[in-house]
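Colleague: sequence? don't have it. structure:
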């Protein structure tokens, strides 16, 4: 399973506390239900789980459950290579969903951290430039509650990346490490010397659906791996234009996704949902989707023919 990539990854899964409050009733109290979460994960994996007050999580060697002020609770996996990490993530989500009180509303999301310690300046520049080019496609794979969400702002909507000027990767890293609320960010890379890039756009559905979580992680890992392996000769972000969907597919090679039809089926399903979304006329995403509709339909037909 997913043997082409060995770079470490980890996720943060956000859930509501049992009382649905974002913050516990007292500064010294832990959220309602936090010990239930810990017990479920411990029993599911047969491993110890750390339950504690909020703190920065770096290079943890076991699962952690802690408060989250935006939704209630945060469940953090230890960094590991994809084969083992995805197996545990699958088991944990399935275990949590077996409890009737566990929920994740629109305040919750899945954050994926991917290790890029082996990336040099050109590799990092390639990752950011390719992300901006392909960003609309990745957002098409999420629910519409993420498209204009202030906690995962698209880079392509930011004036520094509008293609009108050339931005050095150093300046780019400064911008994307100022806060965590971009679609991708280097906050931990710069602030805590954790050599990872964080992908924040997948929403609460992935916290409550194993297929959403696993297939999203696989696709993003594929994207990062391709950015490393395919040549990019500049250390500037500039002259960026959105790639059409066919270009995205050629880069990711979705139609031949390492013999994993589950990823292809998931992409087809998500793209169909995006085509069927009803957005008001003033929504910028409506314009983007309308422009991309023919190429989205072509990709869906192509992928369906490969299964």
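Modeller: Done, it's in. Keep in mind the model is a prediction, meaning the values are calculated, not measured.
Colleague: residue contacts, residue 220?
Modeller: The contact partners of residue 220, taken as CB atoms under 8 Å, 6 or more residues apart in numbering, are 112, 114, 138, 199. In this view, the C-beta of every residue, glycine as well, is placed from N, C-alpha and C.
Colleague: tell me which of those residues fall in strands.
Modeller: Residues of those located in strands (DSSP state E): 112, 114, 199.
Colleague: the first one: neighbouring residues, count only.
Modeller: The reference is to residue 112. 25 (other CB atoms under 10 Å).
Colleague: that one reaches residue 214, doesn't it?
Modeller: No: the pair residue 112 / residue 214 is not scored as a contact, 11.0 Å apart, by CB atoms under 8 Å.
Colleague: on that earlier part again, can you name the two of the contacts of residue 220 that are farthest apart?
Modeller: Pairwise distances across these peak at 13.4 Å for 114 and 138 (criterion: CB to CB).
Colleague: sorry, back to before: nearest to residue 285 among the contacts of residue 220?
Modeller: Nearest to residue 285 among the contacts of residue 220 is residue 138, at 12.8 Å by CB to CB.
Colleague: which secondary structure elements does the helix or strand harbouring residue 125 contact?
Modeller: Following DSSP states H and E, the helix or strand that holds residue 125 is helix 121-140. Under the contact definition 3 or more CB pairs under 8 Å, 6 or more residues apart in numbering; DSSP states H and E, helix 121-140 sits against helix 169-175, helix 210-229, strand 236-237, helix 245-252, helix 261-275, helix 284-306.
Colleague: relative to residue 59, which of the ones you listed is closest?
Modeller: Nearest to residue 59, of these and by CB to CB, is helix 210-229 at 18.8 Å.
Colleague: and that closest one, what's buried?
Modeller: The neighbour-count check on helix 210-229 (16 or more other CB atoms under 10 Å) flags 210-228 as buried.
Colleague: swap in stretch 149-165?
Modeller: For stretch 149-165, by 16+ other CB under 10 Å, it's 149, 151, 152, 153, 154, 155, 156, 161.
Colleague: export those residues to CSV and tack on secondary structure and pLDDT?
Modeller: As requested, those are exported to CSV (DSSP: H, G, I helix; E, B strand; the rest coil; pLDDT from 0 to 100):
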residue, secondary structure, pLDDT
149, coil, 94
151, coil, 94
152, coil, 95
153, strand, 94
154, coil, 94
155, helix, 91
156, helix, 86
161, helix, 76
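Colleague: just those residues now: which is nearest residue 191?
Modeller: Proximity of these to residue 191 (CB to CB) peaks at residue 151, which lies at 17.4 Å.
Colleague: could you measure from the closest one over to residue 204?
Modeller: 12 Å (CB to CB, to the nearest Å).
Colleague: tell me, what's touching these two both at once?
Modeller: Joint contacts of residue 151 and residue 204 (CB under 8 Å, 6+ apart) are residue 109.
Colleague: would you agree residue 179 is in contact with residue 186?
Modeller: No: at 10.7 Å, residue 179 does not count as touching residue 186 under the criterion of CB under 8 Å.
Colleague: between those two, who's got more neighbours?
Modeller: Between residue 179 and residue 186, counted using other CB under 10 Å, the more crowded position is residue 186 (25 against 11).
Colleague: residues contacting the more buried one?
Modeller: 173, 176, 177, 197, 198.
Colleague: now the two most distant members of the residues you listed.
Modeller: Checking those with CB to CB, the most distant pair is 173 and 198, at 13.0 Å.
Colleague: more neighbours: which of the two?
Modeller: Neighbour totals were compared for residue 173 and residue 198, and residue 198 leads with 22 against 18 (other CB under 10 Å).
Colleague: could you report the neighbour count for residue 299?
Modeller: 22.
Colleague: what ranges does the stretch 1-150 of the chain have for its strands?
Modeller: Under the criterion DSSP state E, counting those that start in this stretch, strands of the stretch 1-150 of the chain are mapped to 9-16, 49-51, 63-68, 72-76, 110-115.
Colleague: right, I'll call it a day here.
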